[in-house]
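> Below: sequence and its predicted model.
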Amino acid sequence: MTAQLDHTIVHSSDRFASARFLTGLLGEPEPGAYGPFATVPLGNGVTIDYADSIVDRDRIVMQHLAFLVSEDEFDGIFSRIVERGLPYWGGPEHQEPQQINHRHHGRGVYVDDPDGHSIEFITHPYVKEE
């Protein structure tokens, strides 16, 4: 298959606040603007496009975004999470509060963005069990 993900749209209560939350953790510059979106470009050419939701914040459906990062990038991201006093978890359902995990031959951490979207940072792709 030759299909590649180009972009995904994430609904938010404030597109630039949500995009800045992500770029801030990643240590990247300010998000861009493209039409009604605040855009966060990623290293593989994919963009995360944040859109202001046309529904109430309470009706925004949570999404899960997982980012594969290097060990050095993880160190930087994790230090920014701690510096900001953000709650974080070692598990996807808020298990292991204020811990990182060491699953799949790497490290991982989960944090919620301002709208409750689950953001995961991992240093190694998931190992598929045969």
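Nice, I can see it.

> what ranges do the strands span in the chain?
7-12, 32-34, 37-41, 47-52, 64-68, 108-112, 118-122 (DSSP state E).

> Can I get these in TSV including distance to P92?
Backbone N, C-alpha and C define where each C-beta goes, glycine included. Converted to TSV, the strands of the chain look like this (distance: least, Cβ to Cβ, whole Å):
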stretch	distance to P92
strand 7-12	17
strand 32-34	29
strand 37-41	21
strand 47-52	19
strand 64-68	7
strand 108-112	6
strand 118-122	7
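
> Identify whichever of those strands lies nearest to I81.
I81 lies closest to strand 108-112 among those, at 5.7 Å (Cβ to Cβ).

> Quick check: buried residues in the closest one?
Using 16 or more other Cβ atoms under 10 Å as the burial criterion, the residues of strand 108-112 that qualify are 108-112.

> between the residues you listed, which is closest to F37?
Checking those one by one against F37 (Cβ to Cβ), the nearest turns out to be D112, at 21.1 Å.

> what pairs with that closest one across the strands?
S118 (DSSP bridges).

> Tell me the spacing between it and M62.
In this view, D112 and M62 are 9 Å apart by Cβ to Cβ, to the nearest Å.

> which residues of this protein score low on pLDDT?
Residue ranges of the chain with pLDDT under 70: 55-57, 129-130.

> can you list the domain ranges for it.
Following automatic domain parsing, the chain resolves into domains at 1-53, 62-130.

> which residue ranges form the helices in the chain?
For the chain, the helices defined by DSSP state H occupy 15-26, 71-83.
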